[in-house]
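Trainee: predicted model follows, preceded by the sequence.
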Amino acid sequence: MSNQVTLDDVFSGMDGSITSKFYAFHNKYPEVYIKFKNITFKAIKKGFENYGAKGVMELVRWHTAGPTKEDGFKINNNYTSYYVRLFEKEFPQHEGFFRKRKIKQELT
């Protein structure tokens, strides 16, 4: 079951240049998160209890057509942790599927 969440719900209090760049990227390329969710759900359906978010993102990159983006990357590695947090907020029943460290904004 999916919860309707907004980026502000997930990342409130997390300001900084990476967060604002993620917001812009996510709004411009919504298909990236759709692919992230689809690949993640395939791993869950196959019975994985944990999976690597970087591995999911590499598959997303592989299946995403098009040139590099404004920052010189197809998908910036810095955004992976944001997609994990968005996924966990939208699907709280799968919280912990991705092992993660706290990001800088969560430490303060």
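Mentor: It's in.
Trainee: longest helix of this structure?
Mentor: Counting residues, the longest helix in the chain under DSSP state H turns out to be helix 30-45.
Trainee: report all helices and strands that it contacts.
Mentor: In terms of contact count using 3 or more C-beta pairs under 8 Å, 6 or more residues apart in numbering; DSSP states H and E, helix 30-45 is assigned the packing partners helix 17-28, helix 53-62, helix 80-90. Where you see a C-beta, it was placed from the backbone N, CA and C, and this is true even at glycine.
Trainee: which of these is buried the deepest?
Mentor: helix 80-90 (a mean of 20; mean count of other C-beta atoms under 10 Å).
Trainee: from the chain's centroid, how far away is that one?
Mentor: In terms of C-alpha atoms, centre = their mean, to the nearest Å, the gap separating the centre of helix 80-90 from the centre of its chain is 5 Å.
Trainee: quick check: mean pLDDT across that helix?
Mentor: This predicted structure assigns helix 80-90 an average pLDDT of 92.
Trainee: could you name the helices and strands sitting against it?
Mentor: When contacts are defined as 3+ C-beta pairs under 8 Å, 6+ apart, helix 80-90 sits against helix 7-11, helix 17-28, helix 30-45, helix 53-62.
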